[in-house]
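Chemist: A predicted structure for the sequence below; I have some questions about it.
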Amino acid sequence: MRKGYRRALIALIIIGVAVGGWGGYTLLYNKRLENEILSTNVDTKVFRPYILGTPITFKEGGNSAEFVKTADGWGGQEPEHRCAVGDSTVMRLYIPEAEEVALRITMDGFGVYPPKISKYQKVTVFVNDTEIGVWHVGLDGPFTMDIPSSVITDNTMTIRFVPEKPYSPPPDIRKLSMAVREITIDRVLGAQTKRKVGKWVKDNLMGGGVKQTYDTNISAEEEWK
């Protein structure tokens, strides 16, 4: 019994040291990123500060207003998403330590398209004016795309989504390409792990996920403060 208690105590000590060490590292890392953001010469009113791995949530009550604005092709707030509006929709981010790092963008959302004509909306993704690939945005996401480190030279990232055929689902008069629930940019390894975990949760705990058609409500315009 005494040996068992001793082993359990040693195990708890090791776990405590590991957790404490990781917590201390995380605090120092986050503090360093905050200092970089405060001292940068980048105009953070244009390029919004973003920490890798942070979900940008577009549903009501989310944080999307911190990162996107209607002038850049984003629709107003709807209960579960915001729509990408017009021929081009843009996000501008300042990401400390983004240079020379393999990144991946993940978008959870669904396409807005004429169902009798197409099964998906073709959306081309550009980063810093370089085409990095095409999403075929169907009924449900997530959709992913790797971002080559070569296109990022100063820790700023201008992401542009260009639909092939924007569509107005009646009675909406806007030209739409996709409805976005969430966007995350992360290191490739972290993104892969999170995507596998997310897929397992969706398949095993959520019955494979719920398919959602697009909402045709017209969004109220709102300004990014």
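Modeler: Great, that's in hand.

Chemist: got the contact list for Val134?
Modeler: Shown in contact with Val134 (C-beta atoms under 8 Å, 6 or more residues apart in numbering): Lys122, Val123, Thr124, Val125. Placement of C-beta: from N, CA and C, glycine included.

Chemist: Pretty sure Met91 sits in a strand.
Modeler: Yes. Using DSSP: H, G, I helix; E, B strand; the rest coil, the secondary structure at Met91 is a strand.

Chemist: For it, the count of nearby residues, please.
Modeler: Neighbour count for Met91, taken as other C-beta atoms under 10 Å: 24.

Chemist: Surely Leu12 is in a strand?
Modeler: No. Leu12 is assigned helix when assessed by three-state DSSP, not a strand.

Chemist: Contacts only, for it.
Modeler: If you count contacts by C-beta under 8 Å, 6+ apart, Leu12 has none.

Chemist: Next one: it from Pro79, what distance?
Modeler: Using C-beta to C-beta, to the nearest Å, Leu12 is found at 45 Å from Pro79.

Chemist: Going along the chain, name the helices of the chain.
Modeler: Ranges of helices in the chain, per DSSP state H, are 2-39, 188-205.

Chemist: Measure how buried Phe58 is and give me the count.
Modeler: Burial of Phe58 is recorded as 27 neighbouring residues (other C-beta under 10 Å).

Chemist: do the same with the one 10 residues further on
Modeler: Val68 sits with 23 neighbouring residues when counted by other C-beta under 10 Å.

Chemist: for Ser88, same thing?
Modeler: For Ser88, using other C-beta under 10 Å, the count is 16.

Chemist: same check, this time on Asn128
Modeler: By the criterion of other C-beta under 10 Å, Asn128 has 16 neighbours.

Chemist: Would you check that it makes contact with Thr158?
Modeler: Yes. With contact defined as C-beta atoms under 8 Å, Asn128 reaches Thr158; the gap is 5.5 Å.

Chemist: just checking, Lys175 touches Glu164?
Modeler: No. Counting by C-beta under 8 Å, Lys175 stays clear of Glu164, with 11.9 Å between them.

Chemist: out of those two, which sits in the busier spot?
Modeler: Lys175 (17 against 14).

Chemist: can you pull the contacts of that one?
Modeler: Val85, Gly86, Asp87, Pro166, Tyr167, Ser168.

Chemist: circling back: pull up the overlap in contacts between Asn128 and Thr158.
Modeler: With C-beta under 8 Å, 6+ apart as the test, Asn128 and Thr158 reach no residue in common.

Chemist: Would you mind checking which of the contacts of Val134 the model is least sure about?
Modeler: Within the set of these, pLDDT is lowest for Lys122 (92).

Chemist: Identify the bridge partners of it.
Modeler: Note on Lys122: beta-bridge partners His136, judged by DSSP bridges.

Chemist: so how many other residues sit close to it?
Modeler: 16.

Chemist: confidence score at Cys15?
Modeler: Slight slip there: residue 15 is Ile, not Cys. The predicted local confidence for Ile15 is 69.
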